[in-house]
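*Asks:* kindly return the folded structure for what I paste below:
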Amino acid sequence: ADLRRRLVRGLSWMPGLAIVGQYGRAVVAPAYAPDEPGLADLVALTLQDMFADGIFRELYERWFPGDSPPACENWPGAATATLERVDVVARGPNTIAAIQTRGRLQVAMVANQPPFAYLDAAGQPAGYEVHLVRLMADRWLGERTAVDFVPVTLEEGLRLVAGGGADLLIGAVVHTREAELEVDFGLTTYVAGVGLMVRAGTPLGGIAGLEGQTVAAVAGSDGADVLWQVAQTAQVSLVILAKASLEEAIAALEAGEVVAVVGERADLLGPAYATPGVGVTADRLTRVPLAFALPPGDSAFRDLVNLTLQAMGREGLLAAVYGEWFDDDPPQLPPWPGEPAYPLRIVLAP
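*Replies:* Residues are numbered from 1 along each chain as shown. Model (predicted):
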């Protein structure tokens, strides 16, 4: 028994042997200088492209025959990064210093994204991501109310975070390739994607349960195209009924005209909470990562966010908060071994 990387090396010396069993996990990844968002984007997007075109699998199987390559998170979008186009950041923001000076978090919030981030009946910020941010404020500053939430549109929020005008952007922000080139992101806190809304108690049982059924979709939406492709691959015959709006599609579901509504989970969850007798299944026809957007080129703050999320994951706190808002399991955070080299707190300036 030994570390896997050393055992693999031994296979080249002693043909005929094999590695059996896997009793622990340690993540291995390229390391590069901090506060270099352009280089980080170049490395990450290039690796994703290598996964997509099969080059990574080919290289992995050449060096680790019989072993399955690790999974790679796939950010949606079409943006690319090249060495010639890498932006050089002379000096990134010091987000932690800004928080130390003001004594509070400044959080931009896309406020019309229930159950992730929204204003409740009293006009107060609420939602899964709001809850997470308050817990971070409690851990960092000793007070969960030490947060100022600023309602914004997605475009406004990205500009604020990119310019250092906000510490984080929340509100079901999709970690796309395009956004990655503008800002940094924390670890994935929710896996969205195309999903299905059904009446409560409907025994759907996955895509196979749609055989011979009618499903509503908003006309021209990506959900309809994704469902059609998945159904064809699974050899499932179904009918997609186009509706002019999500409200009309849900009305058709309530009336029994269709067995399900297909659409982006982030768009379906809010109406599902507000509509008695319907819910969103755990099925994901696509997988789209949602994460906190962070100021670019500030590795120290990104580390603080990610290490705090991991600490909350180990303590079971992340799963507990997730379970208050969703019925499925939270995303699996990467298992970085070891303990943080410093306390996950922010000491205020005198």
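
*Asks:* what's the average pLDDT for the longest strand along the chain?
*Replies:* The longest strand of the chain (DSSP state E) is strand 184-192. Model confidence over strand 184-192, given as mean pLDDT, is 97.

*Asks:* what pairs with whichever helix or strand comes after that strand, and is each one parallel or antiparallel?
*Replies:* Per DSSP states H and E, strand 184-192 leads on to strand 194-199 as the next helix or strand towards the C-terminus. Here strand 194-199 is paired, per DSSP bridges, with strand 260-264 (antiparallel), strand 278-280 (antiparallel).

*Asks:* quick check: which of the ones you listed is buried the most?
*Replies:* Neighbour counts (mean count of other CB atoms under 10 Å) averaged over each of these peak at strand 260-264, with a mean of 26. Where C-beta positions appear, they are placed from N, C-alpha and C, glycine not excepted.

*Asks:* chain center to the longest strand of the chain: distance?
*Replies:* 3 Å (CA atoms, centre = their mean, to the nearest Å).

*Asks:* what do you get for stretch 332-346?
*Replies:* 19 Å.

*Asks:* average pLDDT across it?
*Replies:* 86.

*Asks:* which residues touch it?
*Replies:* For stretch 332-346, the surrounding residues in contact (CB atoms under 8 Å, 6 or more residues apart in numbering) are 25-27, 96, 99-100, 139-142, 187-188, 304, 307-311, 313, 318.

*Asks:* same deal with stretch 51-58?
*Replies:* Contacts for stretch 51-58 (CB under 8 Å, 6+ apart): 47, 50, 69, 72, 74.

*Asks:* returning to that earlier point: taking strand 260-264 as reference, get the angle to the longest strand of the chain.
*Replies:* With axes from the mean of the first three to the mean of the last three CA atoms, to 10 degrees applied, the angle from strand 184-192 to strand 260-264 works out at 170 degrees.

*Asks:* what lines up beside strand 184-192 in the sheet?
*Replies:* strand 288-294 (antiparallel).

*Asks:* rewinding a little: give me the contact list for the longest strand of the chain.
*Replies:* By CB under 8 Å, 6+ apart, strand 184-192 touches 37, 40, 73, 116, 128-129, 132, 168, 172, 174-175, 179, 264-266, 284, 287-298, 302, 305-306, 309-310, 322, 326, 330-331, 333-334.

*Asks:* out of these, which sit inside strands?
*Replies:* Per DSSP E, these map to strands at 168, 264, 288-294.

*Asks:* for these, which one is nearest Gly270?
*Replies:* Nearest to Gly270 among the ones in strands among the contacts of strand 184-192, counting by CB to CB, is Glu264 at 10.8 Å.

*Asks:* so that closest one makes contact with Val194?
*Replies:* Yes. Shown here, Glu264 and Val194 form a contact pair, counting by CB atoms under 8 Å, at 6.2 Å.

*Asks:* identify the contacts common to those two.
*Replies:* Applying CB under 8 Å, 6+ apart, one finds that Glu264 and Val194 are jointly contacted by 222-223.
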